[in-house]
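Colleague: Here is the input, now give the coordinates:
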Amino acid sequence: MPGVAENNRYNNQVHYIIDGHNLIPALGLNLADPEDEEQLLGLLQAFVRCHKKARITVYFDTAPQAQTRNLGSVKALFVPLGSSADAAIMAALRRAKKAARNLTVVSSDRQIQAAARAAHAAVMSSQDFAAQMRARPAASEPYDAAYPSADEVAAWEVIFNNKKNS
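Modeller: Numbers count the residues shown, from 1 in each chain. Model (predicted):
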């Protein structure tokens, strides 16, 4: 399982491409929860705060319309009905060409894993990535207690406000 800072040998940056709906249950979140995607985005933002060299692009399918949200080092791509996150991830790997070797694809879907390996990207199962997210940051990567960005605050407000109203 590659750790943060093992992916790109030039700048020690890891760019994760994540199958969002595949990772949600691996983290113990509920796919039936209407806020599951927001909860995952909050957890991914906390992860990149602890791992400064990490950058994440997460794909979610079954969105009413295509949408992109930039949340600092986390980018969320919502794939519209009629297409799938799997197809979008495989298309991103094809577009990356040789640069795909600098990507780590997070999914337990065998078709996505095969496409990632064919593109020479690193592969990590959703369960392994979930375990890495739960692990404490390495000593070389201290936790950054800096204030959250405005986007992060807004994302957490959505999560907490919806919990109060439930």
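Colleague: From the contact counts, what lies against the longest strand along the chain?
Modeller: When the chain is parsed with DSSP state E, its longest strand is strand 54-63. With contacts defined as 3 or more C-beta pairs under 8 Å, 6 or more residues apart in numbering; DSSP states H and E, the packing partners of strand 54-63 are strand 14-19, helix 20-26, helix 36-50, strand 74-80, helix 85-96. (C-beta placed from N, C-alpha, C; glycine too.)
Colleague: tell me the most buried of these?
Modeller: strand 14-19 (a mean of 24; mean count of other C-beta atoms under 10 Å).
Colleague: So what's the gap between it and the chain middle?
Modeller: Centroid separation for strand 14-19 versus its chain: 5 Å, with C-alpha atoms, centre = their mean, to the nearest Å.
Colleague: Same check on stretch 39-59?
Modeller: 6 Å.
Colleague: for this structure, what are the low-confidence residue spans?
Modeller: 1-11, 136-148, 163-166 (pLDDT under 70).
Colleague: Report how many residues lie close to A66.
Modeller: Here the number of neighbours of A66 (other C-beta atoms under 10 Å) works out to 12.
Colleague: That should have said N102, apologies.
Modeller: Neighbours of N102 under the rule other C-beta under 10 Å: 18.
Colleague: before we move on, what about L29?
Modeller: Neighbours around L29, by other C-beta under 10 Å: 17.
Colleague: does it belong to a helix or a strand, and which?
Modeller: Here L29, judged by DSSP states H and E, is contained in no helix and no strand.
Colleague: wait, what's in contact with R95?
Modeller: Neighbouring residues of R95 by C-beta atoms under 8 Å, 6 or more residues apart in numbering: there are none.
Colleague: Tell me the spacing between it and L27.
Modeller: According to C-beta to C-beta, to the nearest Å, R95 and L27 sit 28 Å apart.
Colleague: give me every residue that touches F47.
Modeller: Going by C-beta under 8 Å, 6+ apart, F47 touches A54, I56, M133.
Colleague: what residues are up against the second one?
Modeller: Read it as I56. Here I56 is in contact with H15, Y16, I18, L44, F47, V48, S73, V74, K75 (C-beta under 8 Å, 6+ apart).
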